[in-house]
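> Prediction below, plus the sequence it came from.
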Amino acid sequence: MTTTKPLDILITGGSLAGLLTGTALSRLGHRIRIFERAPAMANQGAGIVAQPDLLYFLSTYDCTHTTVTVKSGLRQYLDGEGKVLEKEDTEQRMTSWDAVYWVLRANFDGRGSEYIEGEAPECPSTASYHLSHKLDSFEVKDEKVVVKYTSGESKEATQHTTEADMLIACDGASSTVRSSLLPDVQRKYAGYLAYRGLIPEKELSKEAYEALIGKFSFFHAEGTQCLTYAIPGEHGSTKEGEQNLNWVWYVNLPEEIKKDSKEPGENPFMSNEGFVGTWSLHSGQLQEKTIEKVRERARKQLPPAMREAVLKTPQPFLQAITDVRSPEIVHAAGRVILAGDATCGPRPHTAASTNQAALHALWLAELVGKAGKGWEDVKKALEGEYTKRVLEYSEELDEKGRKLGDRSQFGKHPWSVEGYGSGV
């Protein structure tokens, strides 16, 4: 059962959280508009550990029945020479940002792509996705959210005003909506970063392929952790021989260097275009001196197969590891709410960011769908059960991420090896 009158819902943020939320709510008959500030959503290629709630969401809402995951059947911990210290027979499913994004686009607004199997399904005409739409401000007036936004780029940009029954902020850990509502809730740097990269499995040597493909591999040493797993390849291919190897390498970096240094190669957040990235740099933005230092460090610190993956990656990217958790989720009597990483940006050790977004989308569909008697019931469900669930989950997720990250980078992991860490 849905509300008596379909809601006009505006979602800001067109990445996975926005699409998960939009897809679930549009199936209930609501009018959904997604505003994404970027002019295009480049295929990020980042790996995702597909947790149960994401898998359940896709099994429930994906009408294309596209396979978006590959299997990892073994979790293993390596020493500095690549020998297996410990292994566990644990099956997990791995996917990629772009594979999930394009499947969700097909199911939200019928956008076809080479990532989906067959034709895109027919989607509700009340679902729309808008690139180059940047939210500037919002306020609640007469039971409506009045949103001012800019569409278009540079000289072509124009300003507009629109109204909605509800504004859902799916705009990530640096949420502008959350910052407007709760200016003191800001991301805090955790003292380390993650270099990341992809390499087609066919470019790996036989030895590296056998060591890493089909396995979830970890290497721990003082102040560092590297992990690898296979994900779908070009256009989301899950065929053997066409997959990519995804690697993530956590490295400690003092905050004063990240914040203040502009020396080429010293501050990895200094881009090749001269600006300092606040929280990340995309592939192609790292300075050549930074990439050289990453490779030099890899030669000294990483096991052979992981070292090969890093050395063969032409353009790695990076992200700062941060903590942020909102103490409030629902605002303006239910008219403005937070979802996804806007509620809690967990450290990536939890492998739960996308899963959290899927879970929030499922909860919103359940609770808004159950309301059935008009706005007062929707408001009650959002301020009550949705808030309770989100806060409990985010507290648990935040605590888990901090514990895993601090042990990995500043403590001692049980399978940490000597002589390969940050002091080398």
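Perfect, thanks for sending it.

> switch to C-alpha atoms for all contacts and neighbour counts from now on
Will do.

> who touches stretch 145-162?
Contacts with stretch 145-162, where a contact means C-alpha atoms under 8 Å, 6 or more residues apart in numbering, come from 39, 132-140, 163-167, 335-336.

> Please read the previous query as pertaining to stretch 114-128.
Counting by C-alpha under 8 Å, 6+ apart, residues outside stretch 114-128 touching it are 22, 26-27, 29-34, 63-66, 99, 102-103, 106-112, 235-237.

> and if we set it to 7 Å?
By C-alpha atoms under 7 Å, 6 or more residues apart in numbering, the surrounding residues in contact with stretch 114-128 are 26, 31-34, 63-64, 66, 99, 102-103, 106-112, 235-236.

> can you check stretch 279-288 too?
Under C-alpha under 7 Å, 6+ apart, the answer for stretch 279-288 is Gly265, Phe269, Ser271, Asn272, Gln315, Pro316, Phe317, Leu318, Gln319, Ala320.

> if I pick the fifth one, what's in contact with it?
To tie it back to what came earlier, the one meant is Gln315. Neighbouring residues of Gln315 by C-alpha under 7 Å, 6+ apart: Ser283, Gly284.

> Look up how far Thr278 lies from it.
19 Å (C-alpha to C-alpha, to the nearest Å).

> next one: the fourth one
Using C-alpha to C-alpha, one gets 14 Å for the distance from Asn272 to Thr278.

> after the longest helix belonging to the chain, next one along is what?
Scanning the chain for the longest helix, with DSSP state H as the assignment, gives helix 387-410. Downstream of helix 387-410, the next assigned helix or strand under DSSP states H and E is strand 416-417.

> which neighbours does that next one have in its sheet, and in what orientation?
strand 215-221 (parallel) (DSSP bridges).

> who touches stretch 351-362?
17, 20-21, 24, 49, 51, 53-54, 57, 339-341, 346.

> tell me which residues in the one helix or strand Leu135 maps to are buried?
For Leu135, the enclosing helix or strand under DSSP H and E is strand 133-141. The neighbour-count check on strand 133-141 (16 or more other C-alpha atoms under 10 Å) flags His133, Lys134, Leu135, Phe138, Val140 as buried.

> For the third one, which residues are in contact?
Taking C-alpha under 7 Å, 6+ apart as the criterion, Leu135 is in contact with Lys148, Tyr149, Thr150.

> And for Leu359, the neighbour number?
25 (other C-alpha atoms under 10 Å).

> Which positions within the helix or strand containing it qualify as buried?
Using DSSP H and E, Leu359 sits within helix 353-371. For helix 353-371, the buried set under the neighbour-count rule, 16+ other C-alpha under 10 Å, comprises 353-369, 371.
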